[in-house]
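**Student:** this one's sequence-less:
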């Protein structure tokens, strides 16, 4: 977008320059605008080649990464329980409930994932 605007300004300045005799300020304007337009074009070409090289090197993934086993605990330390593990990846609606159980000496927290069709 900036390159297009620079080209428009560059062409407009050329129209102005063609009507006025050349002086030092006009030459400076032509050199400055030409340099900026050339710099923008070089930057654009360098950016495109950089992205092409980066995409070839990283080999974009087309599928999800498969992990060996789902985690047993979340980052807070609660146990993770999934009611239907096979349906978890394709479920339209997942309800998450944190269930706290008090025992004599400690509190046990469980994070329960329930899958459903999402019709409710």
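**Tutor:** All right, it came through fine. Note that this is a predicted model, so its numbers are computed, not measured.
**Student:** pLDDT on stretch 26-42, on average?
**Tutor:** Taken as a whole, stretch 26-42 has a mean pLDDT of 92.
**Student:** no, scratch that, I was asking about stretch 98-114
**Tutor:** Mean pLDDT, computed over stretch 98-114, is 86.
**Student:** Quick check: end-to-end length of that stretch?
**Tutor:** Terminal residues of stretch 98-114 lie 11 Å apart, using Cα to Cα, to the nearest Å.
**Student:** Can you pull out the residues in contact with stretch 27-39?
**Tutor:** Applying Cβ atoms under 8 Å, 6 or more residues apart in numbering, the external contacts of stretch 27-39 come out as 3, 6-7, 9-10, 13-14, 17. The C-beta positions use only the backbone N, C-alpha and C, and glycine is treated the same way.
**Student:** Please identify the buried residues of that stretch?
**Tutor:** By 16 or more other Cβ atoms under 10 Å, the buried positions in stretch 27-39 come out as 33, 37.
**Student:** For this structure, which segments count as strands?
**Tutor:** In the chain, the strands defined using DSSP state E lie at 79-82, 93-102, 107-116.
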